[in-house]
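[1] next one to model:
(3 chains)
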Amino acid sequence: MSSENPPVENKPSSHDLSRCPPNKIIFDHSKGEYVCLETGEVIEERVIDERAEWRAFTPEEREKRARTGGPITGTVHDMGFATSIDYADKDASGRRIVEKKAQLQKLRKWQARTRIQSSIDRNLAQALNELERISELLNLPTHVREEAARIYRLAVEKGLVRGRSIESVIAAAVYVAAREARVPRSLDEITKYTRIPRKEIARCYRLLLKELGIKVSAVDPIDFIPRIAHALGLSGELIMAATDILNKVRDKGVTAGKDPAGLAAAAVYIAAISAGEKRTQKEVAHVAGVTEVTVRNRYKEIIEALGLEDKMEE
DNA sequence: CTTTAGACGAAGTATTA
DNA sequence: TAATAATTCGTCTAAAG
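    Residues are numbered from 1 along each chain as shown, chains lettered A, B, ... in the order given. All right, here's what the predicted structure looks like:
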């Protein structure tokens, strides 16, 4: 192996919230989210009480994992019965009971039924636990978590979880919910926090769409722009500029079938250069979760479609 | 030395028969 | 289900700054 390791290499995790100083957190009005300028991660949406939420998300609080995501709404579960009735036909003192045998028999039958119920609950509890964990790592807003929980419940009711791991279905539900809310996370991002291979999550995703009759529109590349731009420390005006670029090329056939993240990355790259706030392809590609090659190709195509070949000098 | 550009096959995806 | 077409990725080479 003659290949050396570049100093700054494969650090795909732009999600390290510990390097997220409070003064680097800004509010994205277009999405109603707090976004970290360092990492581009969405911190929290739903700003009912700003200061309270703000304080909860200082790095120190983060480190201590004091609170994130808040009290789980609609995620409360019933732990079911802890006690059980055994088959020994004896009472507490060990004496044999004959008279009450019939009654006990009924009780057992009834409990067998509730046992099924409580096994569903246990499943749900575990699933919601996993959901919270993933959502937190992805910094998904609460309403997305609730939607994912709802989707998972539907999946359980339809028996779709049978023969599949809870984690994979939850991951797929998160993917769907994030897309619905237009705060998309890529399959790779979700895969990163799961033991489930990306392929499997994609399978479950398709299954959910089909079996639950869910319709999600194609991901709009524009939805990726704020995160990418913020991650690079670029301004709100620049977000607007990048958005304009994508809007202009939208109908020019350049965007069909292309990775939305790559398109957004290229738009940000172009806008940054135009604004005299140049970022390298490498930087943009990294925070966008695509390769430099892809940024390059999209860049070239957009420039050509817009006839900006000459304007890009310096 | 770093950034950018381009080319190639490998690999994963979407579409169609 | 299998074949196909288009796309991205990883790596390499090379030019430009």
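[2] quick one: contacts of stretch A:181-195?
    A:12-13, A:15, A:31, A:33, A:42, A:133-134, A:137-138, A:140-141, A:143-144, A:147, A:167-168, A:171, A:174-175, A:178, A:197-198, A:201-202, A:205, A:219-220, A:223-224, A:260-261, A:289 (Cβ atoms under 8 Å, 6 or more residues apart in numbering). Quick note: C-beta positions are derived from backbone N, CA and C, even for glycine.
[3] what does stretch A:281-291 give?
    Where contact means Cβ under 8 Å, 6+ apart, the residues beyond stretch A:281-291 that reach it are A:11-12, A:14, A:40, A:186, A:188-189, A:224, A:227-228, A:231-232, A:259, A:261-262, A:264-266, A:268-269, A:272, A:292, A:294-296, A:299.
[4] can you give me the buried ones in it?
    A:Gln281, A:Glu283, A:Val284, A:Ala285, A:His286, A:Val287, A:Ala288, A:Gly289, A:Val290 (16 or more other Cβ atoms under 10 Å).
[5] ok, which pair from those residues is furthest apart?
    A:Gln281 and A:Gly289 (13.8 Å; Cβ to Cβ).
[6] can you show me the strands along the stretch 101-250 of chain A?
    In order along the chain, the stretch 101-250 of chain A carries no strands (DSSP state E, counting those that start in this stretch).
[7] which residues of it lie near DNA strand B?
    A:Leu187, A:Arg198, A:Lys199, A:Ala202 (Cβ under 7 Å from any atom of the strand).
[8] 6 Å instead?
    Taking Cβ under 6 Å from any atom of the strand, the part of the stretch 101-250 of chain A that reaches DNA strand B is made up of A:Lys199, A:Ala202.
[9] if we can go back for a sec, just the buried ones from the contacts of stretch A:181-195, in ChimeraX syntax?
    Only the buried entries of the contacts of stretch A:181-195 go into this ChimeraX selection, using 16+ other Cβ under 10 Å:
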select /A:15,31,33,42,134,137,138,140,141,144,147,167,168,171,174,175,178,201,202,205,219,220,223,224,260,261,289
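[10] so which of the contacts of stretch A:181-195 are in helices?
    Under the assignment DSSP state H, those contribute A:133-134, A:137-138, A:143-144, A:147, A:167-168, A:171, A:174-175, A:178, A:198, A:201-202, A:205, A:260-261 to helices.
[11] DNA strand C contacts on the stretch 201-314 of chain A?
    So far as Cβ under 6 Å from any atom of the strand goes, the stretch 201-314 of chain A lies against DNA strand C at A:Ala256, A:Gly257, A:Lys258, A:Asp259, A:Gly262, A:Val290, A:Thr291, A:Val293, A:Thr294, A:Asn297.
[12] still on that earlier bit, closest one of the buried residues of stretch A:281-291 to A:Met240?
    The nearest one, if we look at the buried residues of stretch A:281-291 relative to A:Met240 and count by Cβ to Cβ, is A:Val284, at 17.2 Å.
[13] and that closest one, how far from DNA strand B?
    A:Val284 is 8 Å from DNA strand B, where distance means Cβ to the nearest atom of the strand, to the nearest Å.
[14] sticking with that residue, tell me its helix or strand.
    Element membership of A:Val284 [criterion: DSSP states H and E] is helix A:281-288.
[15] what's downstream of that helix, the next helix or strand?
    Counting by DSSP H and E, what follows helix A:281-288 is helix A:292-306.
[16] how about CSV for the buried residues of stretch A:281-291, with pLDDT added?
    Output for the buried residues of stretch A:281-291, formatted as CSV (pLDDT from 0 to 100):
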residue, pLDDT
A:Gln281, 95
A:Glu283, 93
A:Val284, 95
A:Ala285, 95
A:His286, 94
A:Val287, 94
A:Ala288, 94
A:Gly289, 93
A:Val290, 95
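[17] mind putting those in JSON lines, distance to A:Gly213 included?
    Shown next, in JSON lines, are the buried residues of stretch A:281-291 (distance: Cβ to Cβ, whole Å):
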{"residue": "A:Gln281", "distance to A:Gly213": "41"}
{"residue": "A:Glu283", "distance to A:Gly213": "41"}
{"residue": "A:Val284", "distance to A:Gly213": "38"}
{"residue": "A:Ala285", "distance to A:Gly213": "37"}
{"residue": "A:His286", "distance to A:Gly213": "37"}
{"residue": "A:Val287", "distance to A:Gly213": "35"}
{"residue": "A:Ala288", "distance to A:Gly213": "32"}
{"residue": "A:Gly289", "distance to A:Gly213": "30"}
{"residue": "A:Val290", "distance to A:Gly213": "32"}
